[in-house]
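[1] sequence plus predicted model, see below.
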Amino acid sequence: MRTAVTAGALAVGATGLAAGSLYVVQGGEASGGSAKNAALAGDTARGRASQPPGGGGPDGGAGAAAARLVRQLGARTSGAYLDASGRPVVTVTNAADAAMVRAAGVTPRMSVRSPETLRGITKTLRRTMAVPGTGWTVDPATSRVVMWTDGTVTGTRLAAVHRMAARMGPAVRMVRVPGRLSTLARGADAIFGQGVRCSLGFNVKRGQESFFLTAGHCGNVVKNWTADQQGAQALGTTVTSSFPGNDFALVRSEDGAAGEGEVNLFNGQTRDITQAGDAVVGQRVTRSGSTSGAHSGQVTAVDATVNFPEGTVTGMIQTTVCAEPGDSGGPLFAGTTALGLTSGGSGDCQSGGVTFFQPVTEPLQELGVDVF
């Protein structure tokens with residue numbers, strides 16, 4: 001039986017992540033890198049005692065309440081976040097909305113800048129700023145747009161980005177991301193095809209049909225997926241793939257290959273995923289991947305835009321969770337709630353980094369599928 005990411009189901013490790021170049025692992029590299037991947041998995045397993053294996057426990061409920069209010073308020077809010085004590089906060093623009101948020105048991109906070117102003121800035125950036133290694137998001141806690149550049153943005157390109165930010169005034173804050181942003185291919189339980197290795201995300205269903213989700217930059221290049229590098233254990237066939245713009249792919253499971261909703265925690269345990277939801281800034285989350293195992297961190301932004309060399313992806317979840325090449329397509333979750341699919345970022349699990357995720361609710365709604 002294959003689960004979303006089953007513990008110890010596959011002997012070959014996988015890698016996957018970053019926001020600059022596409023880390024597609026070719027067949028020749030996969031075999032030679034398996035020993036390194038196994039060593040990395042062992043290191044993370046030994047160091048996992050200090051990490052919450054499921055991640056996000058109480059934050060799951062708090063985040064869900066805030067996310068529901070954000071959907072209800074629509075254009076009248078710049079978003080929500082969890083404060084330092086873990087309490088959900090929703091930004092508002094008027095007293096009536098503040099009363100509604102308070103009645104729902106959530107703390108309202110008046111926005112310093114209007115949501116319309118902040119959205120206007122991000123729309124301008126999407127129209128005029130396509131430099132690879134850059135990105136931006138609205139920070140609801142400060143009512144500012146945060147723009148970032150990675151280590152590849154230098155010289156005249158860096159100067160141009162800073163000039164653009166300066167024209168936006170104090171509503172924009174610039175930050176530098178160490179290393180190189182790039183997409184990742186591989187992760188969670190390894191999946192293989194056309195000489196490429198990627199990662200299985202969540203098992204999903206449509207009626208009696210079984211599918212699984214993975215990264216779109218993987219689905220773009222692979223039609224037929226297997227559970228082994230030799231191609232003997234068929235897993236499924238890519239039905240649709242979306243990248244850039246989004247980063248998700250839907251794969252129809254082969255008869256007998258469909259699994260259940262567990263996610264591999266790479267410590268001999270799994271986490272059953274029972275529902276899907278939207279991430280909230282400040283929420284504690286966990287990402288699982290077979291290159292680096294299960295690691296936890298916090299959501300630092302939602303609706304982020306990332307300019308990969310392969311194209312621009314919008315609506316992303318930004319986190320402090322580390323990841324490494326090969327973790328692409330792997331699951332992001334809080335408690336038993338599915339949140340996203342690993343897309344890209346920078347750094348590694350030795351020094352830390354920034355990781356971006358495709359929100360899982362978008363492909364679920366667009367493709368008409370549900371988590372197990």
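    Cool, got the structure.

[2] show me the shaky parts of the chain.
    1-62, 183-190, 256-259 (pLDDT under 70).

[3] repeat that with 50
    Low-confidence segments of the chain (pLDDT under 50): 1-58, 185-188.

[4] and the helices in it, which stretches?
    Secondary structure of the chain (DSSP state H): helices at 27-46, 59-73, 95-103, 115-128, 155-168, 216-219, 361-367.

[5] mind listing what's buried along the last one?
    Just to be clear, that refers to helix 361-367. Of the residues in helix 361-367, 361-364, 367 count as buried by neighbour count, 16 or more other Cβ atoms under 10 Å. From N, CA and C alone the C-beta is placed, and that goes for glycine too.

[6] so which of the residues you listed comes closest to V145?
    Nearest to V145 among the buried residues of helix 361-367: E362, at 21.7 Å, using Cβ to Cβ.

[7] OK, contacts around that closest one?
    When the contact criterion is Cβ atoms under 8 Å, 6 or more residues apart in numbering, the partners of E362 are 246, 248, 315.

[8] with P115 instead?
    Counting by Cβ under 8 Å, 6+ apart, P115 makes contact with 75-78, 91, 93.

[9] same thing with L213?
    Counted by Cβ under 8 Å, 6+ apart, L213 has contacts 201-202, 204, 248-251, 329, 341, 360, 363, 369.

[10] any figure for the gap between it and K205?
    11 Å (Cβ to Cβ, to the nearest Å).

[11] what's the answer for S85, then?
    38 Å.

[12] who has more neighbours out of these two?
    K205 (16 against 5; other Cβ atoms under 10 Å).

[13] so who does that one touch?
    Counting by Cβ under 8 Å, 6+ apart, K205 has contacts 211, 369-370, 372.

[14] ok, now T214?
    Contacts of T214 by Cβ under 8 Å, 6+ apart are 191, 198-201, 248-249, 251, 328-329, 341.

[15] nearest to R163, of the residues you listed?
    The shortest approach to R163 among the contacts of T214 belongs to S328, at 33.3 Å (Cβ to Cβ).

[16] tell me how many other residues surround that closest one.
    The number of residues packed near S328 is 38, by other Cβ under 10 Å.

[17] so who does the closest residue in space to V106 that isn't next to it in sequence touch?
    Using Cβ to Cβ, 6 or more residues apart in numbering and skipping the chain neighbours, the partner closest in space to V106 is P88 (4.8 Å). Going by Cβ under 8 Å, 6+ apart, P88 touches 62-63, 65-66, 80-82, 106-107, 280.

[18] which other helices and strands does the longest strand along the chain contact?
    Assignment by DSSP state E gives strand 293-308 as the longest strand of the chain. If contacts are counted by 3 or more Cβ pairs under 8 Å, 6 or more residues apart in numbering; DSSP states H and E, strand 293-308 sits against helix 27-46, helix 115-128, strand 134-139, strand 284-289, strand 311-319, strand 337-348, strand 352-359.

[19] okay, it in CSV with CA atoms only?
    What follows is strand 293-308, C-alpha atoms only, in CSV (Å, rounded to 0.1, in the frame of the first residue of the first chain):
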residue,chain,number,x,y,z
GLY,A,293,13.0,14.4,6.9
ALA,A,294,10.3,16.3,8.8
HIS,A,295,11.1,19.8,9.9
SER,A,296,9.0,22.5,11.6
GLY,A,297,8.9,26.3,11.4
GLN,A,298,6.5,29.2,11.1
VAL,A,299,4.5,30.8,8.3
THR,A,300,6.0,34.3,7.6
ALA,A,301,3.7,35.3,4.7
VAL,A,302,0.9,34.2,2.5
ASP,A,303,-0.1,35.3,-1.0
ALA,A,304,3.6,35.8,-1.8
THR,A,305,5.0,36.3,-5.3
VAL,A,306,8.3,34.6,-6.3
ASN,A,307,10.2,35.2,-9.5
PHE,A,308,11.9,31.9,-10.3
